[in-house]
Structure formats: C-alpha cells, structure tokens
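> Below is the sequence, then the predicted model.
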Amino acid sequence: MRTLASFTHTYIPGDIIFHEGDPGCTAYIIERGKVDVSISRNGEKLVLTEYKAGDLFGEMALIDETPRSATITVLEHTEVIVIDRSLFKAAFDTAHPLINLFMHSILHNLRKTNQLLVNKIVTPNYLANKNKFNSKFLEARNETVYLIKSENELTQAINEKQFKLYFQPVVDATSEKIIGFEALIRWFHPERGMVPPNEFITVAEQTGLIQKLGDWIISDACRQLSIFSGKAPQVFKHRPDFFVSINLSAKQFIFPDLLTHVIKTLKAHKLSANNIKFEITESILMDNPETAMVILEKLKQLGFRIAIDDFGTGYSSLSYLHTFPIDTLKIDRSFVNSMQENSTSLNIVHAIIGLAKAINLTIIAEGVETEEQLQNLKKLDCNYVQGFYYYKPMPFTEALQLLQQQQNQ
C-alpha cells in the first residue's frame, strides 16, 4: 500500500527508473529482479555495475538532493520499494549534528571517488553538478560545525548558570494592577553579553538541550514564584489566581518526562498549580493534535492553566478553541502595533476579543507600547495587557519590588 514515505513499484525489462541528470529525491530497495547502473560517455552507454534483490540504490539523493549521477535500467521484471526523502529527512533532521556532518562528509568523499573512477566525466553538466554539490556540502558542514560549537557553548552555559529568568508583568487594563508575570529566559554570555532567546532556543531544540534547559526554566520559575508568594502574601491573598506563565517549546511540550518534572517541582516549592500558566503556540496544537490533547488534559486535571501565545499568526483554527482545554488567548503584538494604522488589524483584534469572551476565555494583548494602543484595547473590552507601555522584562529583584509596592498600596 502506498504511503507518503514509501511504496512498491513494478518495472519491466527496458524501463528506465531514472536518467542521469534527473532530479533526485527518492531511493530504491530491490525486492526482486535486476537493474544495471550506467553513465553516458562520448555518446555511448558505459555500464558500471548491476544491482539485484536486496540492493539499495539512489540513496545519495536522500541526503543532498543533487541530480542523479547515473542511469538505472531494468534488466528483468523488477519490484522495488520506493523510499521518499520525507521518511529519511525526519530521522536525519533530528539526528545529532555530528551524524549529519559525518554523513555529508562520507557522501562528499564517495562522490569524489566515483568521479575519479570515471575520469571525472560523469555527465555533460558534470561541472555544474559538482559545484552545486560542493556548495551544499560546505553549507551543511558550516551549519553542523555551528551547531556543534553552539551545543558546547549552551552546555557550558547551563553548567555555569549563565541563564537567568526575567519577568514581564501582565497588567489588568482597568485597575492597572499586576496580575501575573511571563517568565522569559536570558543568556548572559561572558563575552557576548545578553543573548536573546531567538538566538539559542532553536539551537537548543536542534541539539536536544531543550529538555535540560526547559526543566531549568520550570524549576527556576517555580522557585521564584514561591519567593513572590512569601514576600508579597497580600497580593496572592487578594488575587489567588496570580500566575507566572512559562513558555513551552514544541519539543519540550511532547517530552515524556514533562509532567513528572512539573509535579515534582510544584511539590518541592509547595505551590498551587493554579499559579502556573503554560504558554504554547498554535502550531504545537495542530502539528500533533492527538498528543497535544492528552498532554493538555493532564495539565488541566492537575490545575494548570493554558494560554495560546501569538494567537492569529499561526493556524488560527476556530475548531481547537472549543476542543482543547484552553484558558487564555494572547493577541500577537503585530496586530496590536498596527491596529492604529491598519483597519484590518483593528478588526482582527476586535474579533479575537469578541470570540474569546463568547467562549469564556481571558485575553492578553501583547506588545502594548503607547497610550493610544491601550485606550483602543480598553474600548474593545480587552482584559489584560502586556508590553513596554507599562513594563519591560526585568530581573527578579525588580519584579519583587513591584509586587511589594502593589501590596502596600
């Protein structure tokens, strides 16, 4: 049966499975039959070898997608399993960067050897293909070396405690009281200074360090939340749903030990799950909705709250709003920033707020930077706002001082 990744195909003698110079995106495993591998040299067919049952061919294209370096001709009735690049790519992209580098390096050397064996004349457009492959090889090598170096730097940063959490207040648009914080990770590199998350979170995901880094974020956010509650008890007394929100990356969200770590951390700091809000993106829900539903249901059963971050920029499927156990929608800053000049953005913000209220979800508008934006959001009956107009992300000590000031007012 044919699937996206692989299917079986039958050929008869004389069929050409692919020609020299054809685009390459599939590999083949011979289940039965025989084929020959040939190149064109001075207008004549030069047979290099034959493949039979059990042999694999076309595999180079799964790595670099370069044009075929030879022609495959069927010699007898042949049945092959066709392997689509998507099957290989899923495993290849998640492999350790060293494996990626070694595979490209081995392939690079193999191609050079093959070219020498045929006097460096494989195809009429050999030079163009060679340059294209070398360019891809250098690109892959540079990217892999960068990832390896970044992984070492990140590992050292975790071990040496170079990361800190900053806290950006979420404010009640009516009372202007702080009703929670979003915990934001910052990397204080000894040479580069503060490194923003967009420069290292992706690397952490690609190298597998996101689990360790994500666990640290959860542990430190809970630790500091317990200090908030101990140093500003009246704030929590008057607002028992005061929260710290924690962003979960896609890979961190589906990691099997997430729930175990969260529960253990809560118990260690004697916290209520109600005071933790997890922020996820729309894509996390839609990429694997069945898994997402199971995880979110377990989090909700434990008492945690769930927010959809950057709402409106991803899938924006209305179906998941009543399917998944969601508490909060966060309107993306791109809509908030442009709603004064762009009537479409204003209408989108209005529609999101109306939709959220209709299904009993709270709303947080991100990126509020001006008085005009704030007043427009108030007119639209937005619950809460977050942005530089009130507060920038700040170190723990400053956030605590704000809470203590609010407690004494």
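That came through, no problem.
> So which bits of stretch 392-403 are buried?
Within stretch 392-403, the residues that qualify as buried are 393-394, 396, 399-400, 402-403, counting by 16 or more other CB atoms under 10 Å. (Glycine included, C-beta is placed from N, CA and C.)
> Quick check, residue 292 in contact with residue 324.
Yes. Counting by CB atoms under 8 Å, residue 324 is a contact partner of residue 292 at 6.9 Å.
> between these two, what contacts are shared?
residue 285 (CB atoms under 8 Å, 6 or more residues apart in numbering).
> More neighbours: which of those two?
Comparing residue 292 with residue 324 by other CB atoms under 10 Å, the one with more neighbours is residue 292, at 20 against 17.
> In terms of secondary structure, what does the helix or strand that contains that one contact?
Per DSSP states H and E: residue 292 is located in helix 289-302. Contacts defined by 3 or more CB pairs under 8 Å, 6 or more residues apart in numbering; DSSP states H and E place helix 289-302 against helix 258-269, strand 305-311, helix 319-323.
> Quick one: list the elements packing against the shortest one.
I take that to be helix 319-323. With contacts taken as 3+ CB pairs under 8 Å, 6+ apart, helix 319-323 sits against helix 282-287, helix 289-302.
> about what we covered before: of the helices and strands packed on helix 289-302, which is nearest residue 347?
Of all these, strand 305-311 sits nearest to residue 347, with 14.9 Å by CB to CB.
> What's the biggest strand in the protein, counting residues?
What stands out as the longest strand in the chain, according to DSSP state E, is strand 178-189.
> how far does that one sit from the chain's center?
Relative to its chain's centre, strand 178-189 lies at 20 Å (CA atoms, centre = their mean, to the nearest Å).
> Run through the neighbouring helices and strands of it.
helix 126-159, strand 163-172, strand 193-195, helix 210-231, strand 243-247, helix 396-408.
> Measure how the last one sits relative to helix 210-231, angle-wise.
For helix 396-408 against helix 210-231, the angle by axes from the mean of the first three to the mean of the last three CA atoms, to 10 degrees is 30 degrees.
> What mean pLDDT does helix 396-408 get?
Here helix 396-408 scores 93 as its mean pLDDT.
> now do the fifth one
Averaging pLDDT along strand 243-247 yields 96.
> Outside of it itself, list whatever touches it.
Residues outside strand 243-247 that contact it (CB under 8 Å, 6+ apart) are 167, 170, 179-184, 217-218, 221-222, 224-225, 228, 274-280, 305, 307, 309.
> filter those to the buried ones?
Using 16+ other CB under 10 Å, the buried ones in the contacts of strand 243-247 are 167, 170, 179-184, 217-218, 221-222, 224-225, 228, 275-280, 305, 307, 309.
> hang on, the earlier thing: let's see the longest strand of the chain as PDB, backbone CA atoms only.
Output in PDB follows, covering the C-alpha atoms of strand 178-189 (Å, rounded to 0.1, in the frame of the first residue of the first chain):
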ATOM      1  CA  ILE A 178      -0.100  43.400  38.100                       C
ATOM      2  CA  ILE A 179      -2.000  40.100  37.900                       C
ATOM      3  CA  GLY A 180       0.900  37.900  36.800                       C
ATOM      4  CA  PHE A 181       4.300  37.600  35.100                       C
ATOM      5  CA  GLU A 182       5.600  36.000  32.000                       C
ATOM      6  CA  ALA A 183       9.000  34.300  32.700                       C
ATOM      7  CA  LEU A 184      11.500  35.000  29.900                       C
ATOM      8  CA  ILE A 185      14.900  33.300  29.700                       C
ATOM      9  CA  ARG A 186      18.000  35.400  29.100                       C
ATOM     10  CA  TRP A 187      21.500  34.100  28.400                       C
ATOM     11  CA  PHE A 188      24.300  36.300  29.900                       C
ATOM     12  CA  HIS A 189      27.300  35.200  27.900                       C
END
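> between it and strand 163-172, how many degrees?
Angle of strand 178-189 versus strand 163-172, following the same axes, to 10 degrees, is 160 degrees.
> Taking strand 305-311 as reference, get the angle to strand 178-189.
70 degrees.
> Direction included, what does strand 178-189 pair up with?
strand 163-172 (antiparallel), strand 193-195 (antiparallel), strand 243-247 (parallel) (DSSP bridges).
> Can you pull the poorly scored residue ranges out of the stretch 201-350 of the chain?
Low-confidence segments of the stretch 201-350 of the chain (pLDDT under 70): 312-319.
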